[in-house]
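**Q** Sequence below, structure please.
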Amino acid sequence: MQIKECIVKTSNAPLYFEPTFKSEMVSQALIWEYLNIVDYHENWYKIEQWDKYKSWIHKSYVIQNNFKKNIKNDYEWCFLKEFIYSNNILLSFGSYLPVSSKNKNNSAELLLPDQSQIIIDRNKLIFDNDILSRNDLVSLAKNLLGIPYLWGGKSLFGYDCSGFIQSLFRLKGIFLPRDCSEQVKSNVIEKKKTDDINICDLIYFKENYNFTHVGMFINNKEFIHVSGEVKINSIVKNNKNFCENLSNLDFNIFKIK
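**A** Predicted coordinates for the structure are as follows:
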């Protein structure tokens with residue numbers, strides 16, 4: 001019987017446009033991500049992620065959901081605020097893992113897909129019931145400055161612009177689609193006036209009438225985005241981080257509803 005769901009067992013897994021390693025990598029999935037399987041081809045699964053994005057993953061990156069407990073519902077879950085190296089595995093910022101226990105010494109035990117456990121300082125975790133402010137989100141984004149650009153990237157090993165924004169806002173319980181062209185159509189954001197910019201507003205740039213790039217404002221003049229690396233730029237001419245290339249593009253400002 002063919003399985004309908006699998007779980008990412010590696011720290012991150014490349015996702016491809018077609019079922020071959022020679023194909024273009026279009027996105028990534030992080031450890032513990034549940035993937036719905038919609039098709040098969042030899043040693044590949046065509047999968048759908050939580051954001052409805054479809055791609056192909058090699059079977060070597062996943063395991064079947066054979067856990068006795070309902071891991072999704074029977075455990076509290078948390079995000080990692082930073083990368084963690086433990087038990088010979090490097091886990092990315094934004095990884096979402098189940099919490100098996102909280103200890104008195106302000107640490108927590110997290111469960112890995114192989115059923116081993118790692119102990120992490122709770123200050124490095126964001127729990128489901130934590131409420132992040134806009135300032136918190138900006139601080140987390142700034143911690144990623146210098147992370148390299150990677151087409152299809154959604155992890156500390158590299159981000160593309162829309163993967164970066166999607167990963168950030170997911171920490172706040174805001175679920176954006178994968179790509180810029182779909183994010184601007186999302187019902188969780190709406191267009192706003194360009195003279196009323198607040199932190200965490202989003203700026204989407206157009207090329208040839210298509211939205212192709214996105215950044216998040218960290219104040220009313222500067223935004224953080226991924227272009228070569230995670231960096232801060234501005235389209236205000238007298239700003240020290242002015243970017244002429246972006247200033248020449250059409251753009252729209254959006255806010256979270």
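**Q** which stretches of this protein have low pLDDT?
**A** Along the chain, segments meeting pLDDT under 70 span 1, 68-69.
**Q** Pick out the residue nearest the middle of it.
**A** Ser167 (2.3 Å; CA atoms, centre = their mean).
**Q** does it count as helix, strand or coil?
**A** Here Ser167 is recorded as helix under DSSP: H, G, I helix; E, B strand; the rest coil.
**Q** All the strands of the stretch 1-150 of the chain, in order from the start?
**A** 5-8, 12-16, 25-30, 34-41, 44-48, 54-58, 62-64, 76-80, 84-86, 89-91, 96-102, 107-111, 117-121, 125-127 (DSSP state E, counting those that start in this stretch).
**Q** Which among those is found nearest to Asn245?
**A** strand 25-30 (24.6 Å; CB to CB). Quick note: C-beta positions are derived from backbone N, CA and C, even for glycine.
**Q** residues of the closest one that come out buried?
**A** 26-30 (16 or more other CB atoms under 10 Å).
**Q** who does it touch, helix- and strand-wise?
**A** strand 12-16, strand 54-58, strand 154-155 (3 or more CB pairs under 8 Å, 6 or more residues apart in numbering; DSSP states H and E).
**Q** who touches the residue nearest to the centre of the chain in this structure?
**A** Listed by CB atoms under 8 Å, 6 or more residues apart in numbering, the contact set of Ser167 reads 93-94, 154-155, 159.
**Q** Doesn't Glu182 belong to a strand?
**A** No. Assigned with three-state DSSP, Glu182 falls outside any strand and is helix.
**Q** can you list the domains in this protein?
**A** 5-64, 71-127, 134-256 (automatic domain parsing).
**Q** What's the separation between the residue nearest to the centre of the chain and Asn73?
**A** Counting by CB to CB, to the nearest Å, the separation of Ser167 from Asn73 is 24 Å.
**Q** which residues of the stretch 151-257 of the chain fall in helices?
**A** 161-170, 180-183, 244-247 (DSSP state H, counting those that start in this stretch).
**Q** Can you say which of the ones you listed is nearest to Asn43?
**A** helix 161-170 (25.4 Å).
**Q** follow-up on the earlier one: so which of the helices of the stretch 151-257 of the chain comes closest to Lys255?
**A** helix 161-170 (12.0 Å).
**Q** tell me the angle of the closest one relative to strand 96-102?
**A** Here helix 161-170 runs at 30 degrees with respect to strand 96-102, directions being taken by axes from the mean of the first three to the mean of the last three CA atoms, to 10 degrees.
**Q** could you give the angle of helix 161-170 to strand 76-80?
**A** Going by the same axes, to 10 degrees, helix 161-170 makes 130 degrees with strand 76-80.
**Q** so Phe211 makes contact with Phe205?
**A** Yes. Here Phe211 reaches Phe205: they are 7.1 Å apart, a contact under CB atoms under 8 Å.
**Q** Can you tell me which of the buried residues of strand 25-30 is closest to Ser139?
**A** Nearest to Ser139 among the buried residues of strand 25-30, with distances taken as CB to CB, is Leu30, at 20.9 Å.
**Q** Give the closest residue to the closest one in space, chain neighbours not counted.
**A** Ser95 (4.8 Å; CB to CB, 6 or more residues apart in numbering).
**Q** thinking again about what came up before, now for the helices of the stretch 151-257 of the chain, which one comes closest to Lys193?
**A** Comparing the helices of the stretch 151-257 of the chain by CB to CB, helix 244-247 comes nearest, at 18.3 Å.
**Q** where do the strands sit along the stretch 151-257 of the chain?
**A** Going by DSSP E, counting those that start in this stretch, the stretch 151-257 of the chain shows strands at 154-155, 158-159, 189-192, 202-207, 210-217, 222-226, 230-234, 250-256.
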